[in-house]
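Peer 1: okay, structure incoming, though there's no sequence with it:
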């Protein structure tokens, strides 16, 4: 049995980059929701912007996961 090390390294590298990006995006969503909670307490006008940004981050996370499932199933 012969292992294609280049292909294995490519899969590992892409998986690592996508995982770090997805976790970072989800973290930005959590931070956006926490900023939204802090802005609500202060009565600031940036509440809708923080909420919209957080929801956009979560939507991109859902899209990335759905695309990954699509690639596995197809």
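Peer 2: Received, thanks. As the structure is a prediction and not an experimental result, all values here were calculated from the model.

Peer 1: where exactly do the helices run in this protein?
Peer 2: With helices called from DSSP state H, the chain shows them at 5-42, 47-73.

Peer 1: for the last one, packing partners?
Peer 2: Using 3 or more C-beta pairs under 8 Å, 6 or more residues apart in numbering; DSSP states H and E, the elements in contact with helix 47-73 are helix 5-42. In this view, the C-beta of every residue, glycine as well, is placed from N, C-alpha and C.

Peer 1: just the buried residues of the helix it packs on, please?
Peer 2: Neighbour-count burial for helix 5-42 flags 25, 28-29, 32-33, 35-36, 39 (criterion: 16 or more other C-beta atoms under 10 Å).

Peer 1: pull the contacting residues for the residue nearest to residue 32 when sequence neighbours are not counted.
Peer 2: Closest residue to residue 32 apart from its sequence neighbours, by C-beta to C-beta, 6 or more residues apart in numbering: residue 54 at 3.1 Å. Going by C-beta atoms under 8 Å, 6 or more residues apart in numbering, residue 54 touches 28-33, 36.

Peer 1: thinking again about what came up before, and the helices of the chain, which one's lowest on average pLDDT?
Peer 2: Ranked by mean pLDDT, the helices of the chain end with helix 5-42 in last place, scoring a mean of 89.

Peer 1: quick one: that helix to helix 47-73, angle?
Peer 2: On the basis of axes from the mean of the first three to the mean of the last three C-alpha atoms, to 10 degrees, helix 5-42 is oriented at 160 degrees to helix 47-73.

Peer 1: over to residue 2: give its phi and psi.
Peer 2: Dihedral angles of residue 2 (phi, psi; degrees, to the nearest 10) stand at phi -120, psi 130.
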